[in-house]
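# Structure, please.
(one chain, ligands or ions: 2)
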Amino acid sequence: MGYPVGRLTGAHEREGELMTSSEFDADTALTTVKAGRGPSQHVHPDVAGFWNALSAGHLALQRCGECSTIRFPLSTHCHVCLSGDYAWERIDPRGTVNVAVKIHEGVSTMPYSGASLPEPWKSMAPFVTGAVDMEVGVRLPGRILCSCDKALSPGTPVTAVLLDTRDGAPVHGFVHDCNSSTSESSNREW
Ligand SMILES: [Zn+2]
Ligand SMILES: [Zn+2]
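Ligands and ions are numbered 1, 2, ... in the order given. Down below sits the predicted model:
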């Protein structure tokens with residue numbers, strides 16, 4: 001082990017700060033954050049814009065105020081120029097599948113496999129999940145609704161959608177055309 005300390009020291013040195021152990025303790029002290037009694041995700045204020053946008057019906061990501069990079073994962077600073085300046089921007093919901101897997105069955109009787117799924121995923125199987133390359137140039141993870149299995153092929157066009165959760169705030173997912181063309185399929189329970 002020992003790798004986290006080396007990495008953290010290096011990162012701080014690049015920012016021109018030499019880290020002492022007492023400063024390190026201060027940096028890692030956790031702050032209590034007051035937030036609405038939300039079910040669903042526990043949202044850190046720095047990334048609350050993502051969940052707020054979803055609740056308002058849009059997928060939004062951070063655009064760097066310095067170099068204009070649209071970024072993901074959500075972060076406090078730009079991975080390109082290290083600027084902490086950004087604005088949340090609604091993004092095009094279209095993308096193409098980068099990789100996808102189909103979970104055929106949730107198991108609970110294979111203690112050594114590490115493949116068992118907790119609820120609610122277990123009851124939801126079969127379902128497809130994967131990573132989608134968005135038009136704006138970032139790759140987002142999410143469940144992919146597809147009954148024809150074409151979404152299992154890289155390059156298949158999909159569109160971001162909102163998925164209700166069991167306990168409140170929505171999350172994003174993706175849908176392949178085979179599931180979005182008729183009202184019957186859009187009412188279907190996935
Ligand atoms: Zn930047
Ligand atoms: Zn499909």
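
# Quick check, pLDDT for the residue lying closest to G57 once chain neighbours are set aside.
The shortest distance from G57 to any residue that is not its chain neighbour, by C-beta to C-beta, 6 or more residues apart in numbering, is 6.6 Å, and that residue is L162. All C-beta spots, glycine's among them, are computed from the backbone N, C-alpha and C. Listed pLDDT for L162 reads 87.

# what helix or strand does L162 sit in?
For L162, the host element (DSSP states H and E) is strand 157-165.

# Over to A48?
With DSSP H and E as the test, A48 turns up in helix 48-55.

# Outside of the helix or strand just after that helix itself, list whatever touches it.
As assigned by DSSP H and E, the chain's next helix or strand after helix 48-55 is strand 60-64. The list of residues contacting strand 60-64 from outside it, by C-beta atoms under 8 Å, 6 or more residues apart in numbering, reads 49-50, 53-54, 69-72, 74-75, 78, 80-81, 83, 85-91, 136, 138.

# Now do the helix holding A48 and strand 60-64, the angle between them.
In this structure, helix 48-55 runs at an angle of 140 degrees to strand 60-64, with axes from the mean of the first three to the mean of the last three C-alpha atoms, to 10 degrees as the basis.

# between helix 48-55 and strand 157-165, how many degrees?
For the pair helix 48-55 and strand 157-165, the angle between their directions (the same axes, to 10 degrees) equals 90 degrees.
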